[in-house]
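Engineer: model this:
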Amino acid sequence: MRILVRFAALIRRCALTFFRSHREQAVVDLALRQQLAAYAQKRTRPKLSPLDRAFWVMLSRLWPRWKNHLVVVRPETVVRWHRNGFRRYWRSISTPGPGRPPISEETKALIIRMASENCWQARKFQAELMKLGIRVSLATVSRYVPKTKHDPSQQQR
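Structural biologist: This is a model prediction of the structure:
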(Lines give C-alpha, C1' and ligand atoms only; values in the text may rest on other atoms or scores of the structure.)
Protein backbone atom coordinates (compact mmCIF):
# COMPACT_ATOMS: atom_id res chain seq x y z
CA MET A 1 0.00 0.00 0.00
CA ARG A 2 2.86 2.36 0.87
CA ILE A 3 4.41 1.81 -2.55
CA LEU A 4 1.10 2.66 -4.21
CA VAL A 5 0.86 5.96 -2.29
CA ARG A 6 4.43 6.90 -3.26
CA PHE A 7 3.73 6.04 -6.87
CA ALA A 8 0.58 8.22 -6.86
CA ALA A 9 2.56 11.12 -5.39
CA LEU A 10 5.23 10.65 -8.07
CA ILE A 11 2.61 10.70 -10.83
CA ARG A 12 1.04 13.85 -9.35
CA ARG A 13 4.44 15.61 -9.26
CA CYS A 14 5.21 14.59 -12.82
CA ALA A 15 1.82 15.85 -13.97
CA LEU A 16 2.49 19.23 -12.37
CA THR A 17 5.64 19.64 -14.43
CA PHE A 18 3.52 19.96 -17.57
CA PHE A 19 1.98 23.14 -16.19
CA ARG A 20 5.24 24.92 -15.35
CA SER A 21 6.35 27.91 -17.34
CA HIS A 22 9.61 27.76 -19.30
CA ARG A 23 11.28 30.10 -16.82
CA GLU A 24 10.19 27.95 -13.87
CA GLN A 25 11.41 24.80 -15.61
CA ALA A 26 14.76 26.43 -16.34
CA VAL A 27 15.21 27.29 -12.66
CA VAL A 28 14.28 23.73 -11.63
CA ASP A 29 16.76 22.33 -14.13
CA LEU A 30 19.47 24.66 -12.86
CA ALA A 31 18.84 23.61 -9.25
CA LEU A 32 18.85 19.92 -10.08
CA ARG A 33 21.99 20.20 -12.23
CA GLN A 34 23.80 21.99 -9.42
CA GLN A 35 22.92 19.17 -7.02
CA LEU A 36 23.95 16.57 -9.57
CA ALA A 37 27.33 18.29 -9.92
CA ALA A 38 27.76 18.07 -6.15
CA TYR A 39 26.97 14.35 -6.24
CA ALA A 40 29.33 13.78 -9.18
CA GLN A 41 32.37 14.32 -6.95
CA LYS A 42 34.29 11.17 -6.15
CA ARG A 43 33.28 11.08 -2.51
CA THR A 44 30.82 9.04 -0.54
CA ARG A 45 29.24 12.19 0.86
CA PRO A 46 28.98 15.28 -1.37
CA LYS A 47 30.99 18.25 -0.12
CA LEU A 48 29.49 21.61 -1.01
CA SER A 49 31.86 24.44 -1.80
CA PRO A 50 31.24 28.02 -0.67
CA LEU A 51 30.09 28.74 -4.22
CA ASP A 52 27.46 25.97 -3.95
CA ARG A 53 26.30 27.42 -0.65
CA ALA A 54 26.08 30.90 -2.12
CA PHE A 55 24.07 29.49 -5.03
CA TRP A 56 21.48 27.97 -2.69
CA VAL A 57 21.30 31.05 -0.51
CA MET A 58 20.71 33.21 -3.58
CA LEU A 59 18.14 30.77 -4.95
CA SER A 60 16.33 30.72 -1.62
CA ARG A 61 16.02 34.52 -1.76
CA LEU A 62 14.84 34.65 -5.39
CA TRP A 63 12.71 31.53 -5.88
CA PRO A 64 9.76 30.79 -3.58
CA ARG A 65 9.60 27.02 -4.31
CA TRP A 66 13.27 26.22 -3.75
CA LYS A 67 12.54 23.86 -0.84
CA ASN A 68 10.60 21.46 -3.06
CA HIS A 69 13.63 20.73 -5.25
CA LEU A 70 16.39 20.61 -2.67
CA VAL A 71 17.81 17.12 -2.19
CA VAL A 72 21.46 17.51 -1.17
CA VAL A 73 20.87 19.29 2.17
CA ARG A 74 17.93 20.19 4.37
CA PRO A 75 16.27 23.58 3.83
CA GLU A 76 17.14 24.55 7.43
CA THR A 77 20.80 24.21 6.49
CA VAL A 78 20.44 26.72 3.66
CA VAL A 79 18.67 29.14 6.00
CA ARG A 80 21.51 28.70 8.52
CA TRP A 81 24.08 29.44 5.78
CA HIS A 82 22.19 32.60 4.91
CA ARG A 83 22.06 33.76 8.52
CA ASN A 84 25.77 33.05 9.04
CA GLY A 85 26.67 34.97 5.88
CA PHE A 86 24.48 37.88 6.98
CA ARG A 87 26.15 37.86 10.41
CA ARG A 88 29.64 37.75 8.88
CA TYR A 89 28.80 40.60 6.50
CA TRP A 90 27.62 42.93 9.27
CA ARG A 91 30.51 41.92 11.52
CA SER A 92 32.98 42.84 8.76
CA ILE A 93 31.29 46.21 8.27
CA SER A 94 31.16 47.04 11.96
CA THR A 95 34.83 46.41 12.70
CA PRO A 96 36.63 49.72 13.06
CA GLY A 97 38.93 50.74 10.28
CA PRO A 98 42.56 51.74 10.62
CA GLY A 99 41.89 55.37 11.60
CA ARG A 100 44.51 57.56 13.18
CA PRO A 101 47.19 55.94 15.30
CA PRO A 102 46.77 56.57 19.03
CA ILE A 103 49.07 59.05 20.70
CA SER A 104 51.28 58.08 23.61
CA GLU A 105 50.36 58.66 27.25
CA GLU A 106 53.32 61.03 27.61
CA THR A 107 51.99 63.22 24.82
CA LYS A 108 48.52 63.27 26.40
CA ALA A 109 50.03 64.26 29.76
CA LEU A 110 52.14 66.97 28.06
CA ILE A 111 49.06 68.47 26.36
CA ILE A 112 47.15 68.52 29.65
CA ARG A 113 50.12 70.08 31.51
CA MET A 114 50.60 72.74 28.82
CA ALA A 115 46.89 73.57 28.96
CA SER A 116 46.94 73.95 32.74
CA GLU A 117 49.96 76.28 32.59
CA ASN A 118 48.88 78.38 29.57
CA CYS A 119 45.64 79.87 28.29
CA TRP A 120 46.31 79.02 24.65
CA GLN A 121 44.04 77.71 21.99
CA ALA A 122 44.48 74.22 20.49
CA ARG A 123 46.26 75.59 17.41
CA LYS A 124 49.00 77.13 19.58
CA PHE A 125 49.43 73.82 21.44
CA GLN A 126 49.77 72.03 18.12
CA ALA A 127 52.43 74.51 16.96
CA GLU A 128 54.41 74.13 20.21
CA LEU A 129 54.25 70.34 19.95
CA MET A 130 55.52 70.57 16.36
CA LYS A 131 58.53 72.55 17.64
CA LEU A 132 59.24 69.62 19.98
CA GLY A 133 58.99 67.19 17.04
CA ILE A 134 55.62 65.71 18.02
CA ARG A 135 53.26 65.56 15.06
CA VAL A 136 49.60 65.53 16.11
CA SER A 137 46.52 66.86 14.39
CA LEU A 138 44.49 69.81 15.60
CA ALA A 139 41.52 67.54 16.33
CA THR A 140 43.67 65.29 18.52
CA VAL A 141 45.02 68.25 20.49
CA SER A 142 41.48 69.63 20.91
CA ARG A 143 40.34 66.29 22.27
CA TYR A 144 42.85 66.36 25.13
CA VAL A 145 42.79 70.07 26.03
CA PRO A 146 40.59 70.38 29.13
CA LYS A 147 37.47 72.45 28.61
CA THR A 148 37.58 75.79 30.36
CA LYS A 149 34.52 77.46 31.83
CA HIS A 150 33.95 80.98 30.58
CA ASP A 151 33.87 83.72 33.17
CA PRO A 152 30.70 85.79 32.61
CA SER A 153 32.43 88.95 33.93
CA GLN A 154 34.99 88.71 31.11
CA GLN A 155 32.36 88.90 28.35
CA GLN A 156 31.95 92.08 26.33
CA ARG A 157 28.69 93.93 26.67
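Engineer: Need the pLDDT of T17.
Structural biologist: T17 is assigned 65 on the pLDDT scale.
Engineer: quick one: which helix or strand includes P98?
Structural biologist: Here P98 sits in a region with no helix or strand, counting by DSSP states H and E.
Engineer: Now do it, the pLDDT please.
Structural biologist: P98 is assigned a predicted lDDT (pLDDT) of 79.
Engineer: Next: R157.
Structural biologist: R157 carries a pLDDT value of 60.
Engineer: Then V5?
Structural biologist: 85.
Engineer: Tell me how far whatever helix or strand R87 lives in lies from the chain's centre.
Structural biologist: Using DSSP H and E, R87 sits within helix 75-94. Taking CA atoms, centre = their mean, to the nearest Å, the mean C-alpha location of helix 75-94 is offset from the chain mean by 8 Å.
Engineer: repeat for stretch 63-78
Structural biologist: Counting by CA atoms, centre = their mean, stretch 63-78 comes out at 24 Å from the chain centroid.
Engineer: surely D52 meets A38?
Structural biologist: Yes - using CB atoms under 8 Å, D52 makes contact with A38 at a distance of 6.0 Å. (C-beta placed from N, C-alpha, C; glycine too.)
Engineer: contacting residues for N68?
Structural biologist: By CB atoms under 8 Å, 6 or more residues apart in numbering, the contact set of N68 is empty.
Engineer: Check the gap between it and N84 for me.
Structural biologist: 24 Å (CB to CB, to the nearest Å).
Engineer: can you check V73 too?
Structural biologist: 14 Å.
Engineer: Then P102?
Structural biologist: Between P102 and N84 the computed distance is 33 Å (CB to CB).
Engineer: Then S60?
Structural biologist: For S60, the distance to N84 - CB to CB - is 13 Å.
Engineer: of those two, who's got more company?
Structural biologist: Set S60 next to N84 and count neighbours by other CB atoms under 10 Å: S60 wins out with 17 against 12.
Engineer: That one reaches V79, doesn't it?
Structural biologist: Yes - using CB under 8 Å, S60 is in contact with V79, at 7.2 Å.
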